[in-house]
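In: I'll drop the sequence and a predicted model, then ask my questions.
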Amino acid sequence: MNWPTEYGGFSGRMGLLPASHLLLYALAFLSALIIALVLTPGVRLLAVRIGMIDKPDARRIHAKPTPRGGGLAVFFAFHLSLLLVVCLNGGEFSPLFSAAWRFQFFLISGLLVVIGLLDDAFGLKPWLKLAGQVVVALLLYSRGLTFSAFFATHFPAWVSCLITVFWIVGAINAFNLIDGMDGLASGLALIAATGMACGLLARGMTAAAIPFLALAGASLGFMRYNFHPASIFLGDTGSMFLGLTLATLPLMTASKQELMASLGIPLVAMGLPIFDTAIAIWRRSVRAVLPGVARAGATRMRIMQADREHLHHRVLAKTMNQRRAAMVLYGISLLLVGVGLSALLLERRAAGILLVAFVVAVFIIVRHLTRVELWDTGRMLLSRSGHVFSRQLVVPLYVVLDLVLLIVAWMLAHWLLCLPLPKSDFRTSLPIFVALVFIMLAFSHTYARVWGRAQLREYALTIAAIAAGVILASGVAILSDVEMQDLPRFACLYLMLSAGFVLGARLSFEVLRESMASIERLALLEKPETIRILVCGGGERLHLFLRESQTQVGQNSRAIIGVVDDAINLRGRLIFGYPVLGGFDDLPALVAQRRVDLVIITAKLDAARRQHLADLARQAGVPLREWTISEEPVA
């Protein structure tokens, strides 16, 4: 029997709910809550008797042996509560969740629970556990559950199967990975299930919210024993079941007409586990490619190898308290659900709400990723090991990249100007503009330059070459009777886009190197063993000094905290990204205030001023050095 994936029993926005629905909601939630409260102590006793104990080690954060496998109570609480609702309601509460669906989902989710129990008891190999998850997802797909129900577009069967399996397996592992702290996975499941239930109520699908409320009740009942200090853990048994259920239920209530409600609410409700899983894969993939990049002397890391840099580990390191860390993460999850529901209810303002939320989320994510994922990735890209492209590949790479960027700029210019783009333009206009600009770039020796050491005039010459190519291409187009609407505006926009793309590609490496230096400085300033440097002089020598230090990203043990310079016009400003903290005479006070370990002179000073700085450094009790570039005769 194939499961239905749409339900139209109610239409319109939620108004006043019938009393019968409210009773069913209370019954589903409270029955699951009570069953979980009653079953969990028995499961805990059983886990202790059979030796299913999670013992503390270097990766885990609990301090005493704790039984696991508590997800068994959540599993039975969820299914028994749905059965109880049907019995007391005198029939099915929704055609979506029929007796056939409940029986099939009981068997399939039960298979995953068995896999989780085996892992909790004996410790399965990661690949074997993953294979079991894939089998469960394929069984669900074979019974008619498909991710394509969210979309009006019809996907080929293999694409639909692949996306569905990826969604289900991804959600299972998202909750499996986030389950590393007392009460975290069960609390996030409670918030996610409640948020999805509210989303369904807002869409008028009142009966379809009942399974979500049952899952919320089961999660809350288990949290009584799982919140810090936990007396039992979910284990893989529970975390995988929670992920499976939260991935499956939205597919049952999917609506092609309301994509935001059907897909957006589940995504934001499970936002924290999904985000944590994504960055874990990113982080481990980078370290698997270049093991020595992230940690000096590290061995090659496997993608499925556990670490202690998950989101909850980092929050715990900041708060030093499991209860406080859990509350912080609960608050973030509630905020995400609130944003999703606000966008759903305030349809006219949804775009504005999501845009503001997106900007805030990007800012927070970048700050969160800066110290680990972006740091590791940047060091991999800057690494000179044999894993990175050889220098012989740089020129061909730039050639291919420029051609692609010029084609993208040509198409984007048409789109921004709302110009028609017939197939004939791809045979006439596109080759003219791309080829002539590329030829001018080649004639201007663009591909003979070492862009990591280019000067400003070389960037200016590249812009001139692109401009000459665009002008030449415009003339050829006119002489060749190529029909182009609004040619002057198109040529100007194409020039700006091409120049921006081509120069952006050249500048990207320098931007990456300077960004990595900034990230390294922030990380070093937090370490007590770091040598904190105050620089004297904000001229061009400082620029050269910084350039030299940036070539050793990842190998530094020193961090610049600021600059001192006697130039009045520099006070309180930034030079090469570093603050000017005062003049030379302020050195003793700054050494004390900023915990300076070393002072380095980068300015060209006469003997008197150098001696004055030496006296000030001696007074402050800090070593003084001078960084110079000089021309010396060779014997």
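Out: Thanks, I have it. These numbers were taken from a predicted model, which means no experiment stands behind them.
In: Which strands or helices does the top helix by length along the chain pack on?
Out: Identified as the longest helix of the chain according to DSSP state H is helix 487-525. If you count contacts as 3 or more Cβ pairs under 8 Å, 6 or more residues apart in numbering; DSSP states H and E, helix 487-525 packs onto helix 373-382, helix 394-416, helix 429-443, helix 456-479, helix 540-550, strand 558-564. Where C-beta positions appear, they are placed from N, C-alpha and C, glycine not excepted.
In: quick one, which of these is nearest to P623?
Out: Closest of these to P623 is strand 558-564, at 12.1 Å (criterion: Cβ to Cβ).
In: The closest one: what's the following helix or strand?
Out: The helix or strand immediately downstream of strand 558-564 is strand 574-575, counting by DSSP states H and E.
In: tell me the angle of the helix or strand that that next one is followed by relative to helix 487-525?
Out: For strand 574-575, the following helix or strand on the C-terminal side (DSSP H and E) is strand 578-582. Inter-element angle recorded for strand 578-582 and helix 487-525: 60 degrees (by axes from the mean of the first three to the mean of the last three Cα atoms, to 10 degrees).
In: Tell me which other helices or strands strand 578-582 touches.
Out: For strand 578-582, the packing partners by 3+ Cβ pairs under 8 Å, 6+ apart come out as strand 558-564, helix 587-593.
In: In a markdown table, list the ones you listed along with mean neighbour count and mean pLDDT.
Out: Listed next are those as a markdown table, based on neighbours: other Cβ atoms under 10 Å; pLDDT from 0 to 100:
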| stretch | mean neighbour count | mean pLDDT |
| --- | --- | --- |
| strand 558-564 | 20 | 89 |
| helix 587-593 | 17 | 91 |
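In: Quick one: closest of these to F147.
Out: strand 558-564 (47.5 Å).
In: Direction included, what does the closest one pair up with?
Out: Here strand 558-564 has these sheet partners by DSSP bridges: strand 531-536 (parallel), strand 578-582 (parallel).
In: Now do the longest helix of the chain: distance to the chain's middle.
Out: Taking Cα atoms, centre = their mean, to the nearest Å, the mean C-alpha location of helix 487-525 is offset from the chain mean by 22 Å.
In: ditto for stretch 538-551
Out: With Cα atoms, centre = their mean, you get 33 Å for stretch 538-551.
In: now what about it, what contacts it?
Out: With contact meaning Cβ atoms under 8 Å, 6 or more residues apart in numbering, stretch 538-551 is reached by 513-514, 516-517, 535, 556, 558, 560, 563, 565, 567, 570, 575-576, 580, 600, 602-604, 627-629.
In: how about a cut-off of 6 Å?
Out: 513, 517, 563, 565, 570, 575-576, 602-603, 627 (Cβ atoms under 6 Å, 6 or more residues apart in numbering).
In: and if you look at stretch 231-238?
Out: Applying Cβ under 6 Å, 6+ apart, the set of residues contacting stretch 231-238 is 44, 54, 66-72, 74, 113, 116-117, 119-120, 179, 185, 225.
In: Restricted to strands, list those.
Out: 54, 66-67 (DSSP state E).
In: ok, back up a step: for the strands paired with strand 558-564, state which one has the densest average packing.
Out: Highest mean neighbour count of the strands paired with strand 558-564: strand 531-536, a mean of 21 (counted as mean count of other Cβ atoms under 10 Å).
In: quick one: that one to chain centroid distance?
Out: 34 Å.
In: Please apply the same query to stretch 482-489.
Out: On Cα atoms, centre = their mean, the centre of stretch 482-489 falls 42 Å from the chain's centre.
In: How about it, which residues are buried there?
Out: 482, 484, 487 (16 or more other Cβ atoms under 10 Å).
In: which of these lies closest to F93?
Out: Using Cβ to Cβ, the buried residues of stretch 482-489 come closest to F93 at M484, 62.6 Å.
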